[in-house]
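Colleague: coords below, sequence missing:
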């Protein structure tokens with residue numbers, strides 16, 4: 001466990017970690033850009049002037065932002081940060097999915113300050129709503145369980161923090177690990193695949209529920225990209241299953 005001297009050294013180690021991560025991933029690193037291309041291409045889809053789409057569209061952009069933050073954190077060996085970003089993206093996506101299926105609730109979402117009890121009832125436990133209504137929200141199957149895993153790292157859960165600490169019994173000093181090192185390159189690739197796969201599932205919700213029907217001439221192109229990524233991420237999951 002390396003003792004850090006200052007913030008500058010922390011940033012230097014981050015840069016070193018990023019270089020090593022890119023080298024470890026090799027050809028598989030391109031799948032970050034491929035998924036980003038799916039998100040980015042959909043940003044160019046003009047949505048109709050419909051107030052019911054405003055919030056889901058905004059949450060789509062937030063999910064894309066969290067994708068950037070999550071992958072950037074992971075590549076710098078901040079896996080706990082990646083989990084937090086994925087959790088935030090899932091929160092946004094669950095809300096967007098619900099509103100796209102229940103557009104009459106959009107006003108209740110926006111007017112939280114005026115109707116806090118209604119907002120709490122509908123949206124504070126949105127994960128449970130999605131999880132308990134699989135037939136209504138089929139594209140989200142499995143994602144509430146991923147959210148549960150992420151929550152262990154978004155809060156001070158023992159599983160999310162205790163692996164970072166070590167007691168030096170000789171010097172009687174408590175030391176902390178500022179980075180999340182995996183045991184092997186294969187373990188690193190397993191978690192890499194995990195994050196990409198779940199952000200791909202998040203993308204699919206926005207694509208099928210909102211963007212696809214408005215894509216126009218882009219629809220064919222994006223469908224091809226979706227099909228290709230589905231095949232690629234399936235191969236990655238086969239090669240690097242999360243045990």
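Modeller: Cool, the structure landed. Just so we're clear, the structure is a prediction, and the values are computed from it rather than from any experiment.

Colleague: can you map out the strands along this protein?
Modeller: Using DSSP state E, the strands assigned to the chain run over residues 165-168, 173-176.

Colleague: so residue 118 touches residue 109, yeah?
Modeller: No - here residue 118 does not reach residue 109: they are 9.4 Å apart, not a contact under C-beta atoms under 8 Å. All C-beta atoms are positioned from the backbone trio N, CA, C, and that covers glycine.

Colleague: ok so, going back, looking at the strands of the chain, which one has the lowest mean pLDDT?
Modeller: Lowest mean pLDDT within the strands of the chain: strand 165-168, at a mean of 58.

Colleague: Now do the contacts for the residue nearest the centre of the chain.
Modeller: Closest to where the C-alpha atoms of the chain average out (C-alpha atoms, centre = their mean) is residue 86, at 2.8 Å. Residues near residue 86 by C-beta atoms under 8 Å, 6 or more residues apart in numbering: 66, 70, 146, 150, 195, 198-199.

Colleague: From these, pick the one nearest residue 14.
Modeller: residue 70 (15.2 Å; C-beta to C-beta).

Colleague: need the longest helix for this structure.
Modeller: helix 51-75 (DSSP state H).

Colleague: what's next to it, contact-wise?
Modeller: The contact list for helix 51-75 (C-beta under 8 Å, 6+ apart) reads 17-18, 21-22, 32, 35-36, 39-40, 42-43, 47, 79, 81-82, 85-86, 88-89, 92-93, 95-96, 99-100, 103, 106, 109-110, 191-192, 195-196, 199, 202-203, 206, 209-211.

Colleague: Next, the buried residues of that helix.
Modeller: For helix 51-75, the neighbour count (16 or more other C-beta atoms under 10 Å) marks 52-53, 55-57, 59-60, 62-64, 66-67, 69-75 as buried.

Colleague: Residue 222: how many residues sit nearby?
Modeller: A count of nearby residues for residue 222, using other C-beta atoms under 10 Å, gives 18.

Colleague: Could you check how far it is from residue 89?
Modeller: 20 Å (C-beta to C-beta, to the nearest Å).

Colleague: Residue 142: what's it in contact with?
Modeller: Residues counted as contacts of residue 142 (C-beta under 8 Å, 6+ apart) are residue 201.

Colleague: Neighbour count: residue 118 and residue 109, which is higher?
Modeller: Taking other C-beta under 10 Å, residue 118 and residue 109 do not tie; residue 109 has more neighbours (19 against 15).

Colleague: ok now stretch 66-83, how far from the chain's centre?
Modeller: 9 Å (C-alpha atoms, centre = their mean, to the nearest Å).

Colleague: same question but for stretch 124-131, I mixed them up
Modeller: Chain-centre distance of stretch 124-131: 17 Å, with C-alpha atoms, centre = their mean.

Colleague: Next: stretch 207-227.
Modeller: With C-alpha atoms, centre = their mean, you get 21 Å for stretch 207-227.

Colleague: mean confidence score for that stretch?
Modeller: The model assigns stretch 207-227 a mean pLDDT of 96.

Colleague: Report the buried residues of that stretch.
Modeller: Residues 207, 209-212, 214-215, 218, 222, 225-226 are the ones in stretch 207-227 that count as buried (16+ other C-beta under 10 Å).

Colleague: Tell me the spatial nearest neighbour of residue 189, not counting adjacent residues.
Modeller: Distances taken as C-beta to C-beta, 6 or more residues apart in numbering put residue 240 closest to residue 189, at 4.4 Å, once the chain neighbours are dropped.
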